[in-house]
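# I need the structure of the sequence given here:
(one chain, ligands or ions: 1)
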Amino acid sequence: MDFLEILFSLPPLLYTPLLVGSLCLVFNYLVYSRRVAQWRKSNIPFLSPSFLIGHKYFWGVGSNSATVVPLDRIYRENKDKDLVAFFIATMPVVLLRKPALIKQIFAKNFDEAFKTGFAAPHNNKVVELMLGQSPFKSVWKAQRSALSPMFATARFDGEEFAKIRNQIAHMSTHVEKARLHGKPIDIKKMAMNFFLDSISNSFLDLNDNSYEKEGEFRKFVKNFIEPGWDKLLSVFAQMHLQGMPTLDSLQFITQKHIEYMKTLLQRQMKQRSQTGDQRNDLIDLLIRLKEQDQNGKLDSEMDMTNKTMGLGLSFLLGGLKGLGTVDILISFTVHLLSLHPEHQERIRQEVEEVMKEHNTTEITYEVARDLHFLQQCLRETARLYPNTSALTRECTEDFTPAGTDYHFKKGELIIVDSYSIHRDPEYFENPDKFDPDRFNPENRDSKSVDAFLGFGKGPRKCPGSNVGLLLASTLIGSLVHKHEVRPRSHTKQMDAHDFHPRSFGIVHKDDVLVDVVPREILAY
Ligand code: HEM
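Next comes the predicted model:
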């Protein structure tokens, strides 16, 4: 009796999964053998897939390890190589290990032969625009240039900063209430309230105060970014299926998400047009672009509403990276500062000095902008805990990096693991130590500058980093100026065991709780 005869003699409930499973294994085998042959021909060193289901290090992702853990093992175990290819389940990727190679692909030759990571589903032009993944370089460049006023920190100068100070006042009231009740502060929640309320008030003209009531925007973003099996699986599905149309529920950005954000933007634009106010925010910008588009030539493939919406949504999602990064950066920084009272003291002194220089007793836009040591602390946190640790690019043309004989084929997916590079003693001495002074311009060398990837690299690096640093400096500067922060939940520096296993980025899995003691009380 052959295999098929035995199979079909079983009850259908048994033979159907067995048949599907066997077909999947055959399919995987074909995918692996084809790609391995290609890597061999292209001189790209690779790790053989284990038992037809990708590299074994990834099997625990989701239940007991974050994605960064297997990537870090592979990075460390292949010290002798510039790059190494392997499979995450059926997805073939090439991990770049050397900053010089990363520079070529992410910066120098990016325009020539690469695009950014996740593939948007075909025939969904709004999602393509939202992800900044138009196959036409001129489109994402025009998109980025149109949004550039939103990424300028100078926009927060003057009256606009009053909105941020308002958020700080809400935070201070909350901190004081918690302290009087003897309760710790949940830093992640506080940072998220601050950042999302700042974004919704300053860019979208919503009047949110999450301490009183969770606003609709916060609810939506929380649901969108909160780690879970559904998000992890949808990211994997998107990567595996490489832009092929999939079930809506398997997509990272579902039709429901798009509809919610579209409705929000359209409602705010309509209200603004009725009042005729001018705020120099995202809503004004979208109204202006829509008007310009109406006067110009309409794209026959996509109507102008979709174009304007795609642009607005790409800002809101920050290429999926802006939202969720600032609050995570703040909570990791407060965690590290809580373990280092000496750095808190330096920040307090810096705030005092800079306030004096600007002749003020408050944290103003100019003060927040000039808190250089605090910004060093934030960059050092982004080194130790780079939220977007897996940076991805895709080859759009066959490409051979200068000075090598590696041949990348069109469609090759490239990954860089910032977490591992940032913890490599070759580039950062004593890499696990929180040492903000390594970001003092006097101490920086070209080796560490090239190896720092906290905000990405090249033309597609983060355009919102300065806005993020300004907001984070305002919150932490205000908190540490008036209070000493002490650890409650995490009394040791967090490591990879503390990362959320179902997040694609670096996010702590538990709440980060701290106690805050007003400095006035400490002085007595
Ligand atoms: C300060 C905290 C932030 C960190 C650590 C951060 C980090 C990153 C990283 C690592 C990337 C990927 C870059 C690459 O692939 O080379 C990125 C992209 C991006 N970020 Fe940020 N980000 C931050 C804040 C923000 C903010 C506040 C915004 C929006 C106002 C923003 C908007 C974006 C956008 C639009 C992209 C996509 C860029 C593109 O694909 O061209 N980011 N960010």
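# rest of the way, CA atoms for contacts and neighbours
Fine.
# wait, is Thr308 part of a strand?
No: read with DSSP: H, G, I helix; E, B strand; the rest coil, Thr308 is helix and lies in no strand.
# From His497, how far out is it?
Separation of Thr308 from His497 (CA to CA, to the nearest Å): 42 Å.
# try Pro487
18 Å.
# In terms of neighbours, single out the busier of those two.
Using other CA atoms under 10 Å, the more surrounded residue of Pro487 and His497 is Pro487, with 21 against 13.
# dump the residue contacts of that one.
Taking CA atoms under 8 Å, 6 or more residues apart in numbering, we find Pro487 in contact with His335, Ser338, Leu339, Leu513, Val514, Asp515.
# Tell me if I'm right that the second one and Val514 touch.
Spelled out, that is Ser338. Yes: A contact is recorded between Ser338 and Val514 when judged using CA atoms under 8 Å, the distance being 7.5 Å.
# what residues do these two have in common as contacts?
In the contact map built from CA under 8 Å, 6+ apart, the residues linked to both Ser338 and Val514 are Val485, Arg486, Pro487.
# mind putting the residues you listed in CSV, secondary structure and pLDDT included?
As requested, these are arranged in CSV below (DSSP: H, G, I helix; E, B strand; the rest coil; pLDDT from 0 to 100):
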residue, secondary structure, pLDDT
Val485, strand, 97
Arg486, strand, 96
Pro487, strand, 96
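# Any chance of those in CSV with distance to Phe87 as columns?
Supplementary listing: the shared contacts of Ser338 and Val514 in CSV, determined by distance: CA to CA, whole Å:
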residue, distance to Phe87
Val485, 44
Arg486, 43
Pro487, 40
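# Between those, which sits nearest the ligand?
Comparing the shared contacts of Ser338 and Val514 against the ligand with CA to the nearest ligand atom picks out Val485 as the nearest, at 21.3 Å.
# who touches the closest one in this structure?
Contact criterion CA under 8 Å, 6+ apart gives Val334, Leu337, Ser338, Pro341, Val514, Asp515, Val516, Val517 as the residues in contact with Val485.
# What values do phi and psi take at Tyr385?
The main-chain torsion angles of Tyr385 are listed as degrees, to the nearest 10 and equal phi -130, psi 70.
# Can you give me the neighbour number for it?
Using other CA under 10 Å, Tyr385 has 27 neighbouring residues.
# quick one: Val94 from the ligand, how far?
16 Å (CA to the nearest ligand atom, to the nearest Å).
# who's that residue bridged to?
Ala85, Ile414 (DSSP bridges).
# after the worst-scoring helix or strand of the chain on mean pLDDT comes which helix or strand?
The weakest-scoring helix or strand in the chain, judged by mean pLDDT, DSSP states H and E, is helix 125-130 (a mean of 64). Once helix 125-130 ends, the next helix or strand along the chain (criterion: DSSP states H and E) is helix 137-147.
# what about that following helix, near the ligand?
No: residues of helix 137-147 are not located near the ligand by CA under 6 Å from any ligand atom, the shortest gap being 7.1 Å.
# Quick check, pLDDT for Phe499.
According to the prediction, Phe499 has pLDDT 93.
# Contact partners for the closest residue to it other than its chain neighbours?
Excluding the flanking residues, the one nearest Phe499 by CA to CA, 6 or more residues apart in numbering is His508, at 4.5 Å. If you count contacts by CA under 8 Å, 6+ apart, His508 has them with Asp498, Phe499, His500.
# again, 10 Å this time
188, 328, 331-332, 385, 387, 494-501 (CA atoms under 10 Å, 6 or more residues apart in numbering).
# Are the host helix or strand of Ala368 and the ligand in contact anywhere?
Using DSSP H and E, Ala368 falls within helix 365-369. No: Helix 365-369 lies out of reach of the ligand by CA under 6 Å from any ligand atom, never closer than 13.4 Å.
# who touches that helix?
Contacts of helix 365-369 with the rest of the structure, by CA under 10 Å, 6+ apart, involve 153-162, 164-165, 350-363, 374-375, 466-467, 469-478.
# Generate a PyMOL selection restricted to the buried subset of these.
What follows is the PyMOL syntax for the buried subset of the contacts of helix 365-369, where burial is set by 16 or more other CA atoms under 10 Å:
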select buried, resi 153+155+156+160+161+164+165+350+351+352+354+355+363+374+375+467+469+470+471+472+473+474+475+476+477+478
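# Out of the contacts of helix 365-369, list just those in helices.
Judged by DSSP state H, the contacts of helix 365-369 include 160-162, 164-165, 350-357, 374-375, 466-467, 469-478 as members of helices.
# which ones among these come in contact with the ligand?
With CA under 6 Å from any ligand atom as the criterion, the members of these in contact with the ligand are Val467, Leu469.
# Near the ligand, which residues of the stretch 351-500 of the chain? Just list them.
So the stretch 351-500 of the chain meets the ligand at 382, 388, 391, 454-457, 460-465, 467-469 (CA under 6 Å from any ligand atom).
# for the protein, longest helix please?
Across the chain, the helix with the greatest residue count (assigned by DSSP H) is helix 12-41.
# can you pick the most crowded of the residues of the stretch 351-500 of the chain next to the ligand?
Neighbours were tallied for each of these (criterion: other CA under 10 Å), and the maximum of 26 neighbours falls on Ala382.
# contacting residues for the closest residue in space to that one that isn't next to it in sequence?
Residue nearest to Ala382 in three dimensions, not counting chain neighbours: Gly454, with 5.3 Å by CA to CA, 6+ apart. Going by CA under 10 Å, 6+ apart, Gly454 touches 379-389, 391, 418-419, 422, 461-462, 465.
# which stretch of helix or strand covers Gly454?
Using DSSP H and E, no helix or strand contains Gly454.
# before we move on, could you check phi and psi at it?
Reported as degrees, to the nearest 10, the phi and psi values for Gly454 are phi -60, psi -30.
# cool, and Ser210?
Main-chain dihedrals, Ser210, degrees, to the nearest 10: phi -70, psi -20.
# Unless I'm misreading it, it sits right up against Asn201, doesn't it?
No: taking contact to mean CA atoms under 10 Å, the distance of 11.4 Å between Ser210 and Asn201 leaves them out of contact.
# Pro92 - how many residues pack around it?
Close neighbours of Pro92, defined as other CA under 10 Å, add up to 22.
# cool, the one 4 residues further on as well?
Applying the criterion other CA under 10 Å, we find 21 residues in the vicinity of Leu96.
# Dihedrals phi and psi, it?
Leu96 adopts backbone torsions of phi -90, psi 140, taken as degrees, to the nearest 10.
# Could you pull up the residues touching the closest residue to it other than its chain neighbours?
In space, not counting the residues next to it along the chain, Leu96 is nearest to Leu83; the distance is 4.5 Å by CA to CA, 6+ apart. Residues touching Leu83, when contacts are defined by CA under 10 Å, 6+ apart, comprise 44-46, 75, 94-98, 101-102, 406, 414-416.
# cool, Glu160 as well?
Remark: with contacts taken as CA under 10 Å, 6+ apart, Glu160 is in contact with Ala154, Asn201, Ser202, Arg279, Asn280, Asp281, Tyr365.
# does the third one sit in a helix, a strand or a coil?
To tie it back to what came earlier, the one meant is Ser202. Of the three states, Ser202 takes helix according to three-state DSSP.
# do you know how far the nearest residue to His490 once chain neighbours are set aside is from Arg34?
Among residues not flanking His490 along the chain, Val512 sits closest, at 6.7 Å (CA to CA, 6+ apart). The spacing between Val512 and Arg34, counted by CA to CA, is 46 Å.
# And the two? Which one has more around it.
When neighbours are counted by other CA under 10 Å, Val512 comes out ahead of the other of Val512 and Arg34, with 20 against 11.
# Read off the pLDDT value for that one.
Looking at Val512, its pLDDT stands at 95.
# Verify the contact between it and Gln493 for me.
No: the pair Val512 / Gln493 is not scored as a contact, 11.6 Å apart, by CA under 10 Å.
# which residues are common contacts for the two?
With CA under 10 Å, 6+ apart applied, the overlap between the contact sets of Val512 and Gln493 consists of Phe332, His335.
# what's the spacing between Glu380 and Ile330?
Noted for Glu380: a distance of 12 Å to Ile330, by CA to CA.
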